[in-house]
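Participant: starting from these lines, generate the structure:
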Amino acid sequence: MEAVLQAFLAGFPVLLLHFAVTIAMLVAGVWIYTKITPYDEFDLIRGGNLAAAVSLGGAVIGLAIPLAFTMASSVSVWEVLIWGPVTLALQLIAYRGTDLLLRDLPTRIQAGEMGPAIFLVSVKLGVAAINAAAVTG
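Facilitator: Now for the predicted structure:
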């Protein structure tokens, strides 16, 4: 029992550090995402725009998945700090690519169109799954 307690006491601070760093990167990624979109997601969501809520929710999950896999496969916080931003950048590029593919995506999200929002979330989650697998090797 003492060995288990010692392992916990040694590992818990590391867990908290990895968790805090990863959450900070997720918050930064979501903030960057909201800045590269030409509309204010939070205002749209407050106004009842379901497409904006679906899109932003997909962004949060899509950013979190590869970050979680980065944290899970990392030995040190430095690995999280190196690979985390790479996974975030790839996710943000996926949004821009989808925006180019579906012309007027921002206008369609602002108009509350669910079709483009659902497709965008699908792309975000698909890229997140591939991104997560790539980062874990």
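Participant: mind listing the helices for this structure?
Facilitator: Assigned by DSSP state H, the chain shows helices spanning 2-36, 41-46, 50-73, 77-101, 105-110, 114-136.
Participant: using PDB, list the CA coordinates for stretch 75-83.
Facilitator: Below are the C-alpha coordinates for stretch 75-83, written out as PDB (Å, rounded to 0.1, in the frame of the first residue of the first chain):
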ATOM      1  CA  VAL A  75       6.400  11.200 -21.500                       C
ATOM      2  CA  SER A  76       7.100  14.800 -20.500                       C
ATOM      3  CA  VAL A  77       5.300  18.100 -20.500                       C
ATOM      4  CA  TRP A  78       7.800  19.200 -23.200                       C
ATOM      5  CA  GLU A  79       6.300  16.700 -25.600                       C
ATOM      6  CA  VAL A  80       2.900  18.100 -24.900                       C
ATOM      7  CA  LEU A  81       4.200  21.600 -25.500                       C
ATOM      8  CA  ILE A  82       5.800  20.600 -28.800                       C
ATOM      9  CA  TRP A  83       3.100  18.400 -30.300                       C
END
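Participant: averaged pLDDT, that stretch. What do you get?
Facilitator: The average of the pLDDT scores along stretch 75-83 is 92.
Participant: buried sites along that stretch?
Facilitator: Neighbour-count burial for stretch 75-83 flags 77, 80, 83 (criterion: 16 or more other CB atoms under 10 Å). Placement of C-beta: from N, CA and C, glycine included.
Participant: how about stretch 46-63?
Facilitator: Residues 49, 51-56, 58-59, 62-63 are the ones in stretch 46-63 that count as buried (16+ other CB under 10 Å).
Participant: same deal with stretch 110-118?
Facilitator: Within stretch 110-118, the residues scored as buried using 16+ other CB under 10 Å are 110, 113, 116-117.
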